Structures are given as C-alpha cells and as structure tokens.
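Asker: Pasted the sequence and its predicted model underneath.
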Amino acid sequence: MKTQRRVSAAAVALLLGGAGIALAASPALAAETTYKVKCIPPAGGGSPVEGDTTAKITAPATAKVGDEVDVVWETVKPASNNTDLMVIPKDSVLPTGWIAVGGGMGELKVVGEKKNPEIAKKAPMVMSAMKGKLKLTKAGKITLSPGKYDVAVTFSIGTFVTKCAPTGEAGVGATIDVSAGSSGGATNGGATNGGATNGGATNGGAANGGTTAGGGGQTDFPGKAVDVKFDCGETVPGGITTPVTVNAKKNGGGYDLTVKTAKDAMKAPVPLPKGALKPSMQIKLGGADSGAVKVTGPANAEPIGQGAGVSLSDMTGTYKPGKTGKVTLSPSDMTIEVTMVAGSTPLSVPCKAATSAVSLELDTTAQQGGSGGPSTTGGSGSATTTSGGLAETGAEDEGGIEALALVAGTVVLLGGAVFTFTPWRRLRGTR
C-alpha cells in the first residue's frame, strides 16, 4: 500500500510539476462576455444583422514581462444563425478575431481553424476556437476584450466573408496580472494559426474592395466573390447579376488566373449536347496597371439533360504584370458561345459588365513584355446563358435561385430575371 501511495504521489508530482515548469506557470482563466455587434454580409448576402455575441477569452491569470502567453477566443454564441438559403459544408468556416489589449498594447489577432460540422439552414453558426500568442512588454493588469471578427466560409465557387464589429463597448473577457521581469523587446504578438481568406469590407451589400495579396512567399491568392451586373441588351431585358470570383496563383513573375461562377445555378430548359456552352470573360486591371486579361473556359464536357443542373466552366488565363505596385482585378465583360450542332458556327452572346467590384488585389512586379491587353467583348447573336446565386450569402432575391423553365421557346426565368433566347430550333440547326 505504501509503495502504491509513493508511486501515485510521484505520478501526480510529475504531471503537475512538468520538470519544474508547469508548477511555475499560473492556471489559465476564462470568462464570458456578451456584447452587441453589427455584421455586414458579403455582396448579395442581404441586409446587415445586429445582435449579441457571447465570447469566452482564456489567458493565464499571471505572467511576467517578457513572457509570450497563449490567448484563446471561443465564440459561445454568434450574432446570427446560418441563412435559409444554403447548407454550410463541413470544415469550411474560418473565423478571425481581434482582441483589444489593455495597457496601450493595441490589438491581438487570433485565428481559428476550418473545423466545423455541417451547418443546416437557419441553424446556429459553429466556429472553431481562435488562438494567438501575446508578448507581454509591460507590468500591470492587462485586460483582454473581444472586438471585431470575420467569418470566412469557403464553397466550391469561392470564399465569402461576413464582417462583424462592436456597436458598443465590449466587457473584459480576461485579465493578466503581469509582474516585472526580464524585459521583452517585442510588442504584442499575432496569430500563430491559420491564414484567413479575408475579403474586402462590404457595406450594405456593395463590395468596397477585394482581397489584398502578395509577397511573403505566398503563391495562392484567393479572391472574393463580387456581384457583377451584366447588360446583355435586348437579349436579357433588365440585365442580370451573378457572383464572380477571381483567384490567382503565382507562376514565375506572372499569375495564372482562375475565374469561378456559381455551380448548378440553373436547369437546362432543353437537352444540351456536349460542347454547347463555352464562356469567356475580361478581367479588368486597375491601380498600378491597366488594360484587361481575357480568361476562357472549356465547353461542357458532357451532355446536359433537360432539367439537369447547368454550370459555366471555370475560366483561366495568364496575367503578366506590366507595372510594379498594387493592381486590382475586377470581373468585366462576359461572352458565352452557344453551339448546338458540332461543327456549326457558334452564336456569340456578349454581356457588358454594367457594374462590378474588385475581387482581388495583387502586389506586382513589372515583367518585360508584361501588361494586360485591351478589353474587348466579341460576338453577336441572341442566345445567352448565365450562372447565378451564391452559397451561404444567397441570390439577389430572398427566394434564392429558381429553376430555369422554357416558356414559348424563347423566354427563360432565373430568380425573377428574364432571359430572351433565340428559339431553340435555330440553335439546334437544320437536322
């Protein structure tokens, strides 16, 4: 019995003592605080939402000057639930928060991981814990209060960011009693995890900027989805609005661009053969560079049955910078070539971008022979198709994406927008 007691005592001492390290550290303290926030959804995601967020901040109770301590933010209750439009996939939600640090130490950025269950429509949002390291540079009681936070949700068509900011004062979530010690030369630290995909701020549904990227050895630069209103003339009375995302991957001194639209956003009103739909788009350059880069996508590789989902393929192209500096990339004019009979001359449907927004910003270095080409939209004809709606944020109307239906052989409906098609008899050609 005495031997068992000695062994147990030794085990407890080892667990608690940690070779003399753990015993010297203070226990972590956690406290919840509730504060009011206003959340701005991405473009097309609806109106801003105001509500209460409950956050739990965990940090050591005591530490010394020069220590670097772990700080954790857990979102106990977010300000709003998921929308009633789309199910959020598993492991697709990446939260990023900013904690106000007292004592004049500024802010601490904390980042979570993409770890979440599938989130049903209207169900509460589930976000992983956000973590960061804080370097303590002065003695005293250092308070930690939750502040603004971003919620980035990634779907197959891109990443969409909702931004939430306090509308009033947030309470203190944790306090660290910092004693004098060996002085640290650094200021407060930042996040150690993650790498959030952050879109530009939005305001009332209108995008004000795209993702900024470049430098630091980064090679993949994801853009943000922005709503683009296309004017297709008489072909599409009133025009249409659809989300477009511009992504870039560094390739030497240039960038390989991939442009995505919504997937399965409509249903085929009639059977579409293999190779029927081939999209292209101009990506407008702004900021330090000018001109446009053309991206094209392959035609549909498989036939599409009547009533089946229709998607425009991803469009790709190469951007070789002609200037050094910050360059913005915005979706611009789109063209869709429609070929109903293999070998026949396609009908080209031009749609001019009446409104757009910046999807991506790159820090570029000028390359010999680089720069975007002039923006052009070719083709004529009267057939068109489009993709629309975006997951999680929704379509422009609250009903979401409606199925396409052929009416009198010439009219197609998509969520309230009317598309006038050339009669399908002409598109099929002479048989």
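Answerer: Here it is on my side, so go on.
Asker: close enough to count as contact, Lys114 and Ser128?
Answerer: Yes: at 7.5 Å, Lys114 and Ser128 qualify as touching, with contact defined as Cβ atoms under 8 Å. Glycine gets a C-beta too; all of them are placed from N, C-alpha and C.
Asker: Now do the shared contacts for these two.
Answerer: Residues touching both Lys114 and Ser128 (Cβ atoms under 8 Å, 6 or more residues apart in numbering): Val93.
Asker: what's the first-to-last distance across stretch 42-50?
Answerer: Counting by Cα to Cα, to the nearest Å, you get 15 Å between the two ends of stretch 42-50.
Asker: How much space separates the nearest residue to Ser179 once chain neighbours are set aside from Ile142?
Answerer: Among residues not flanking Ser179 along the chain, Lys64 sits closest, at 5.3 Å (Cβ to Cβ, 6 or more residues apart in numbering). For Lys64, the distance to Ile142 (Cβ to Cβ, to the nearest Å) stands at 12 Å.
Asker: got a list of what the residue lying closest to Leu272 once chain neighbours are set aside touches?
Answerer: The shortest distance from Leu272 to any non-neighbouring residue, by Cβ to Cβ, 6+ apart, is to Ile304 (4.1 Å). Counting by Cβ under 8 Å, 6+ apart, Ile304 makes contact with Ala268, Pro271, Leu272, Ala276, Val310.
Asker: and the two most separated of these?
Answerer: Pro271 and Val310 (11.2 Å; Cβ to Cβ).
Asker: the more surrounded of these two?
Answerer: Val310 (21 against 15; other Cβ atoms under 10 Å).
Asker: per-residue confidence for the more buried one?
Answerer: pLDDT recorded at Val310 is 71.
Asker: what's the answer for Lys148, then?
Answerer: Listed pLDDT for Lys148 reads 94.
Asker: Quick one: neighbours of Asn81, just the number.
Answerer: That count, for Asn81 with other Cβ under 10 Å as the rule, works out to 15.
Asker: Just confirm it contacts Pro124, I think it does.
Answerer: Yes: between Asn81 and Pro124 there is a contact under Cβ under 8 Å: 5.2 Å.
Asker: tell me which helix or strand of this structure sits lowest on mean pLDDT?
Answerer: Between all helices and strands in the chain, the lowest mean by mean pLDDT, DSSP states H and E belongs to strand 406-407, at a mean of 28.
Asker: ends of stretch 110-130, how far apart?
Answerer: First residue to last in stretch 110-130 (Cα to Cα) measures 5 Å.
Asker: next one: stretch 119-128
Answerer: End-to-end distance for stretch 119-128, by Cα to Cα: 13 Å.
Asker: Give me the residues contacting that stretch.
Answerer: The contact list for stretch 119-128, computed with Cβ under 8 Å, 6+ apart, reads 75, 77-78, 80-88, 93, 95, 112-117, 151.
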